[in-house]
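*Asks:* What follows is a predicted protein model with its sequence.
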Amino acid sequence: MTLIVRSESPIPARTTVWLEGRLDAATFGDLDEALRDITPLVDNGGTLVIELSGLEYISSAGLRSLAQLRKQMHDRDGRTLLLNPQPQVKKVFDIVKAVPVAEVFASVAELDQYLDHMQRQITG
Amino acid sequence: MRLCIPNRLEDVFLALDRAELTLDRAAIDNACRADVRLVLEELLVNTVRHGYPDGREGKIDIHLEIRADIVRLELRDDAEAFDPLLYDPPDLPGDIADREIGGLGLHLARSIASDFEYARDAHGNRVVIRFDPSLSDEPSP
């Protein structure tokens, strides 16, 4: 099994990246390469959502790619939010305290609620 | 399952797939299967990347034994001496973007295995790891 990366940018402020398969020492290069094309599409200060419902497995090599991505987004005042991590991925995130709990969402509804709230803070 | 592989990354991944297939055939649950795969990946990739700094060819023996209440993994290699238990736990500030890259693989391997032993003898490094299939939904403390 390999890694499949798909992305969609309905608006420049928000891009969603779907990961499917395994993110490990054999496949992290595929993600890094795909992200080199995807991240420039996100506005400075924008939001990148990583949709993880199809990601079955992650290892430390995959965590390194996600760490680099989060750093890049931080440097551009952007956010990286994680959606729907599956049991193995969630377990790995928990062990290494990969991301603040507030930036991981179990459903699209939860994520939308958070983004609406952030939007209201900016505009309100 | 017994395998002897050369110290190359592509062989590591073939071994991971073989191990997963073996666990699958023995009806080991998904969580434990993923745990074994993760520990194997972290240790084998580490050995291949850092264990042979002189670039020589090496070999790694993998023995995976499945019993009713325990999954036992034994790894032997002829790499440089390396005790995975002597590593300091990494700094975990709560965001992987705020820390130095590296050091997470061994921490994951040690956190997930129920029991971890290391020895070095005339043949090289030997690591024995045990997994309790019934505990695999929760990380070890």
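*Replies:* Right, received. Where do you want to start?
*Asks:* for chain B, what are the nearby residues on chain A?
*Replies:* A:24-26, A:56-57, A:59-61, A:63-64, A:66-68, A:70-71, A:74, A:87-88, A:91-92, A:94-100 (Cβ under 8 Å from any Cβ of the partner chain). From N, CA and C alone the C-beta is placed, and that goes for glycine too.
*Asks:* Assumed B:A34 was part of a helix.
*Replies:* Yes - judged by DSSP: H, G, I helix; E, B strand; the rest coil, B:A34 forms part of a helix.
*Asks:* contacting residues for it?
*Replies:* Contacts of B:A34 were listed using Cβ atoms under 8 Å, 6 or more residues apart in numbering or on different chains, and they are A:E56, A:Y57, A:P87, A:Q88.
*Asks:* 7 Å instead, please
*Replies:* By Cβ atoms under 7 Å, 6 or more residues apart in numbering or on different chains, B:A34 lies in contact with A:Y57, A:Q88.
*Asks:* ok, now how distant is it from B:G124?
*Replies:* From B:A34 across to B:G124, the span is 28 Å (Cβ to Cβ, to the nearest Å).
*Asks:* Leaving aside the residues adjacent along the chain, what's closest to residue 44?
*Replies:* Defaulting to chain A. A:R76 (4.7 Å; Cβ to Cβ, 6 or more residues apart in numbering or on different chains).
*Asks:* My question was about chain B, not that one.
*Replies:* Leaving out its chain neighbours, the residue that sits closest to B:L44 by Cβ to Cβ, 6+ apart is B:V12, at 4.5 Å.
*Asks:* SS state for the one you found?
*Replies:* helix.
*Asks:* Flag every residue of chain B that's near chain A.
*Replies:* Counting by Cβ under 7 Å from any Cβ of the partner chain, chain B comes close to chain A at B:9, B:13, B:31, B:34, B:37-38, B:41-42, B:45, B:92, B:94-97, B:101, B:104-105, B:107-108, B:111, B:139.
*Asks:* Narrow the residues of chain A next to chain B to just the buried residues.
*Replies:* Among the residues of chain A next to chain B, the ones that count as buried by 16 or more other Cβ atoms under 10 Å in any protein chain shown are A:24-26, A:56-57, A:59-61, A:63-64, A:66-68, A:70, A:88, A:91-92, A:95-96, A:98-99.
*Asks:* Okay, the residue nearest to A:N44 and chain B: tell me how far apart.
*Replies:* 12 Å (Cβ to the nearest Cβ, to the nearest Å).
*Asks:* Got the confidence number for that residue?
*Replies:* For A:R76, the pLDDT comes out at 90.
*Asks:* try the one 5 residues further on
*Replies:* Here the pLDDT value assigned to A:L81 is 95.
*Asks:* just the CA coordinates of the helix or strand harbouring B:V128, formatted as PDB?
*Replies:* In this structure, B:V128 is located in strand B:124-131 according to DSSP states H and E. This file holds the C-alpha atoms of strand B:124-131, laid out as PDB (Å, rounded to 0.1, in the frame of the first residue of the first chain):
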ATOM      1  CA  GLY B 124      26.000  -8.200  17.300                       C
ATOM      2  CA  ASN B 125      22.900  -6.500  18.600                       C
ATOM      3  CA  ARG B 126      19.900  -8.400  19.800                       C
ATOM      4  CA  VAL B 127      16.600  -6.800  20.700                       C
ATOM      5  CA  VAL B 128      13.500  -8.700  22.000                       C
ATOM      6  CA  ILE B 129      10.200  -7.000  22.100                       C
ATOM      7  CA  ARG B 130       6.900  -8.400  23.400                       C
ATOM      8  CA  PHE B 131       3.500  -7.200  22.600                       C
END
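*Asks:* Give the residue spans of chain A that score low on pLDDT.
*Replies:* For chain A, residues meeting the criterion pLDDT under 70 lie at A:1, A:124.
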